[in-house]
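fold the following for me, if possible:
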Amino acid sequence: MAASIKYDWYQSDTTVTITVMLKNAVDKNYSVTIEPNSVCLAADGIEPITIDLWNMINKEQSSHKATPSKVEIKLAKLVGIRWEALERKAITSSEPSTKKNFHDWNKISKDIEKQEAEEKPQGEEAVQDLFRKIYSDANEETRKAMVKSYYESGGTVLSTNWEDVGAKTVDVKPPDGCEFKKWN
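Okay, here's the model as predicted:
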C-alpha cells in the first residue's frame with residue numbers, strides 16, 4: 001500500500017504556494033502536473049494527490065522545485081484575489097471555514113525540526129560537528145592542547161596531544177602550496 005502525502009499551502013496577492021512534505025523527492029522520481037485548474041503530484045511509493053484548485057492559475061508561469069525534505073509548487077494566480085481555500089469544495093454550514101483552514105503551526109514546526117535533526121550533516125558542517133564532538137568528549141589536557149595548537153598556529157594545526165604542544169610554541173604550518181601571511 002502506498003503512503004499518503006502531507007501538504008500545506010499559503011498565498012500572496014499573485015501566487016499560491018503548496019508545500020508537499022516528501023523527503024528525498026528527487027530519489028523518489030517525483031512528478032508534478034500543473035493544469036489551469038488542478039495540480040497533481042506523484043512519486044514512487046506514495047499515493048498520488050490531485051488538487052482541484054479554488055481558482056484558475058497561469059500554468060506557464062507556475063513552477064515546482066525539490067529540496068531535501070519537500071517539494072514546493074508555486075502557482076501563479078490569474079486574478080489577484082484572495083482564495084478562501086486551496087481546493088474547490090463547497091463548505092457546509094456544519095464545517096466552518098475557520099475549522100477547515102486551521103493549522104497547528106507548533107506541530108508543523110516541531111515536525112520540521114525533527115526532520116532536520118535526523119538529517120546527517122555533510123561537507124564542512126560534518127567536519128565542524130566532528131571537532132565539536134571531539135572537544136566536548138575530551139579531557140582537560142586534550143582541550144588545552146586543541147586550543148593552544150589552533151591559536152598559536154593561526155588555525156593551521158590542531159593537536160590533541162598536550163605532551164607535544166604544552167612545553168613549546170606551535171609553529172604555523174600552512175598547507176602545501178600556500179603561504180602564511182601575518183596581518184598587523
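
following the helix or strand of the chain with the lowest mean pLDDT, which helix or strand comes up?
Using mean pLDDT, DSSP states H and E, helix 97-100 stands out as the lowest-scoring helix or strand of the chain, at a mean of 51. Downstream of helix 97-100, the first helix or strand assigned by DSSP states H and E is helix 105-118.

show the model's pLDDT score for A90.
Per-residue pLDDT puts A90 at 51.

gap between the two ends of stretch 172-180?
8 Å (Cα to Cα, to the nearest Å).

show me the domain layout of the chain.
For the chain, automatic domain parsing gives the domain ranges 1-80, 124-165.

how about the closest residue to T17 other than its chain neighbours, phi and psi?
Nearest residue to T17 in three dimensions, chain neighbours excluded: K74, at 5.2 Å (Cβ to Cβ, 6 or more residues apart in numbering). In short, each C-beta sits where N, CA and C put it, glycine included. Torsion angles at K74 (phi, psi; degrees, to the nearest 10) stand at phi -110, psi 120.

who is K74 paired with across the strands?
T17, S63 (DSSP bridges).

isn't it right up against H64?
Yes - between K74 and H64 there is a contact under Cβ atoms under 8 Å: 7.0 Å.

what sits against the residue nearest to T17?
15-17, 62-64 (Cβ atoms under 8 Å, 6 or more residues apart in numbering).

7 Å instead, please
Residues in contact with K74 (Cβ atoms under 7 Å, 6 or more residues apart in numbering) are 15, 17, 62-64.

check the gap between it and A167 for me.
Taking Cβ to Cβ, to the nearest Å as the measure, K74 falls 62 Å from A167.

what's the closest of the contacts of K74 to N29?
If you rank these by distance to N29 using Cβ to Cβ, H64 comes first, at 13.9 Å.

nothing else from me, thank you.
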